[in-house]
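Enquirer: give me a model of this one.
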Amino acid sequence: MNVDAELEVLSPEECLALAASMPIGRIVFTDRALPAVQPVNFLVEDGSVIIRTAQGSKLAAATRNAVVAFEVDEFDHQARTGWSVTLVGRAQSVRDPEEVARLARLPLRTWAPGDRDRFIRIRPEHVSGRRIPDLRHRPDNAPAGGAARGAPESRLTASQEAASNGRSNPGSNGGSDPGSRGGLG
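Expert: Below you'll find the predicted structure:
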């Protein structure tokens, strides 16, 4: 089965619009020669990602003119749908005092405590994204058995089967709570 056939590839414009709709994203950068991921508040402005950070922060130091990735997503766990957008570009510290003053007036407020008076701009050179469409209501989504493709199957766990047969499953909780993890948790 070709997994990508079920995913919708998003245009760069759709990617930026979706990214702009969210308050939190994740920046991926290098910290001491290792990959690091940090959630951050951000804005998309004129096709660039703007992040507000503190002077001397690990993020500010690690992203000076470095190539970084920035990821934003949203998922609906019930519907099993969602999207993910990745932007890759060079992170630059904004140093021009007029530009810093202008960015400070934008509605970008961090959730993290402390002074955040430095700005990082990521100008994406590569933009990609995919969406998992809601397949629950499409007529071509139901296989012969009637269950929606990708829907979880109704199978009993060993504990549930043992409990329904009046037996205890070794290593389980004896069938008294089929959803528990027994001695594993």
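
Enquirer: contacts, neighbours, all on C-alpha from now
Expert: Will do.

Enquirer: ramachandran angles for the residue lying closest to residue 114 once chain neighbours are set aside?
Expert: Leaving aside its sequence neighbours, residue 114 sits nearest to residue 54 (CA to CA, 6 or more residues apart in numbering; 7.8 Å). Torsion angles at residue 54 (phi, psi; degrees, to the nearest 10) stand at phi -90, psi 150.

Enquirer: for the residue nearest to residue 120 when sequence neighbours are not counted, what are its contacts?
Expert: Ranked by CA to CA, 6+ apart and with sequence neighbours excluded, the top spatial neighbour of residue 120 is residue 93, at 4.6 Å. Shown in contact with residue 93 (CA atoms under 8 Å, 6 or more residues apart in numbering): 60, 63-65, 118-121.

Enquirer: who's the residue minimising distance to the centre of the chain bridged to?
Expert: Among the residues of the chain, the one closest to the centroid is residue 73, at 3.8 Å (CA atoms, centre = their mean). Beta-bridge pairing for residue 73 (DSSP bridges): residue 84.

Enquirer: what of residue 43?
Expert: Bridge pairing for residue 43 - DSSP bridges - gives residue 50.

Enquirer: could you measure from it over to residue 107?
Expert: For residue 43, the distance to residue 107 equals 8 Å [CA to CA, to the nearest Å].

Enquirer: give me the more crowded residue out of those two.
Expert: A direct count of neighbours by other CA atoms under 10 Å for residue 43 and residue 107 places residue 43 higher, at 24 against 9.

Enquirer: surely the more buried one meets residue 108?
Expert: Yes. Look at residue 43 against residue 108 with CA atoms under 8 Å: they come within range, at 6.5 Å.

Enquirer: how much space separates residue 49 from residue 32?
Expert: 24 Å.

Enquirer: which of these two has more neighbours?
Expert: Taking neighbours as other CA under 10 Å, residue 49 and residue 32 compare with residue 49 leading, 22 against 8.

Enquirer: list the beta-bridge partners for the closest residue to that one other than its chain neighbours.
Expert: Sequence neighbours aside, residue 122 is the residue nearest to residue 49 in space, at 5.0 Å (criterion: CA to CA, 6+ apart). Note on residue 122: beta-bridge partners by DSSP bridges are residue 49, residue 91.

Enquirer: counting neighbours, what do you get for residue 122?
Expert: 26.

Enquirer: where does residue 103 fall, helix, sheet strand or coil?
Expert: Three-state call for residue 103 (DSSP: H, G, I helix; E, B strand; the rest coil): helix.

Enquirer: contacts only, for the nearest residue to it once chain neighbours are set aside.
Expert: Of all residues not flanking residue 103 in the chain, residue 119 sits nearest, at 7.7 Å (CA to CA, 6+ apart). Counting by CA under 8 Å, 6+ apart, residue 119 makes contact with 50-53, 93-94, 100, 103.
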